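K.L.:
sequence first, predicted model second:
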Amino acid sequence: MINRNSPIPLYYQLIQEIKDKIESGVYEPGDTIPTEIELMEQFDVSRATVRQSILHLVNEGYLRRIKAKGTFVNTRPEKPKFIGTLKGFAQEMTQKGIAFSTKVLEKHIIPAPLKVSEKLNIATEDPVFHLHRLRFIHHEPVLIANSFIPEQLCRHIEDIDFEHNSLYDVLETNYRITLHHGRRDFEPAMPLSAEEVRLLGISSKTPILYVESLVYTQDNTPVEYVEIKMRGKFTVDLIQLF
């Protein structure tokens, strides 16, 4: 439900509520979703919030509007899945000889939000290490990453300098965690906050790439869940790749 004490904007919380119902099958393809007034009453939000949320879900392909009939659920869009080499951003850029840098926006231990706890297979509000970073290529901002790791796996990791250390290197070297496999899901999206627009140096109408990634040990223990917001366009000097 909507949490008015959360820093997450109301319209984004409503987007997630509706999207979760679609992805879990509560709303099936072809179903009509509740009307604007019903959503306003159910979640105690304004009409503007409802309309902003619905428009976003229409743009993402989850919903379609039919004039004089209502708003309907589309066939659930499939997220493209990528399985490749298990490398972090720093490892990838270093291997290719591309100049990069990192700015740590936040790093602290927090209670796991519901979605994070489900992804990491831990109890809701169990402590997790949250690392919020802005990554640059050739001094140009290219992505925002929010990583979450169970705190029981990495005590005192919040004391480490992650502007000059790779997270994956720290996990493997300092905590003897062998990262074995993972999966990344990609989907197009639009910026959802003024912070994303500001940090990435884009307009609010510029499409971005949204990435969710889960990394596991060999015995399928989830180690890291990360959400990435990536600029849809940036330039890399390809001469460095050869």
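P.N.:
Sure thing, it's come through. Numbering: from 1, shown residues only.

K.L.:
which parts of this structure belong to which domain?
P.N.:
Here the domain assignment for the chain is 10-73, 81-241, based on automatic domain parsing.

K.L.:
same question for the shortest one, mean pLDDT?
P.N.:
To tie it back to what came earlier, the one meant is domain 10-73. If you average the pLDDT over domain 10-73, you get 89.

K.L.:
still on that earlier bit, could I get the domains of the chain as JSON lines with distance to Arg4 and mean neighbour count?
P.N.:
Glycine gets a C-beta too; all of them are placed from N, C-alpha and C. What follows is the domains of the chain, written out as JSON lines (distance: least, C-beta to C-beta, whole Å; neighbours: other C-beta atoms under 10 Å):
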{"stretch": "domain 10-73", "distance to Arg4": "7", "mean neighbour count": "15"}
{"stretch": "domain 81-241", "distance to Arg4": "16", "mean neighbour count": "16"}
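
K.L.:
mean pLDDT lowest where, among those?
P.N.:
Mean pLDDT values for the domains of the chain show the minimum at domain 81-241, a mean of 85.

K.L.:
sorry, back to before: could I get the domains of the chain in a markdown table, plus columns for distance to Met1?
P.N.:
Output for the domains of the chain, formatted as a markdown table (distance: least, C-beta to C-beta, whole Å):
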| stretch | distance to Met1 |
| --- | --- |
| domain 10-73 | 7 |
| domain 81-241 | 11 |
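
K.L.:
indicate which one of these is closest to Ile2.
P.N.:
Closest of the domains of the chain to Ile2 is domain 10-73, at 4.9 Å (criterion: C-beta to C-beta).

K.L.:
alpha carbons of stretch 177-191, in PDB - could you do that?
P.N.:
Output in PDB follows, covering the C-alpha atoms of stretch 177-191 (Å, rounded to 0.1, in the frame of the first residue of the first chain):
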ATOM      1  CA  ILE A 177      32.400 -14.700  -1.300                       C
ATOM      2  CA  THR A 178      32.800 -16.400  -4.600                       C
ATOM      3  CA  LEU A 179      30.300 -14.800  -7.100                       C
ATOM      4  CA  HIS A 180      29.300 -17.700  -9.300                       C
ATOM      5  CA  HIS A 181      26.300 -16.700 -11.500                       C
ATOM      6  CA  GLY A 182      23.600 -14.100 -12.000                       C
ATOM      7  CA  ARG A 183      20.900 -12.700 -14.200                       C
ATOM      8  CA  ARG A 184      20.100  -9.300 -15.600                       C
ATOM      9  CA  ASP A 185      16.700  -8.100 -16.800                       C
ATOM     10  CA  PHE A 186      16.500  -5.100 -19.100                       C
ATOM     11  CA  GLU A 187      13.500  -2.900 -20.000                       C
ATOM     12  CA  PRO A 188      13.100   0.600 -21.400                       C
ATOM     13  CA  ALA A 189      11.700   3.200 -19.000                       C
ATOM     14  CA  MET A 190      11.300   6.900 -18.300                       C
ATOM     15  CA  PRO A 191      13.000   8.800 -15.500                       C
END
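
K.L.:
strands along this structure, start to end?
P.N.:
Listed in chain order, the strands of the chain (DSSP state E) span 63-66, 70-73, 81-82, 100-111, 127-137, 140-150, 181-189, 208-216, 222-231.

K.L.:
noted, bye for now.
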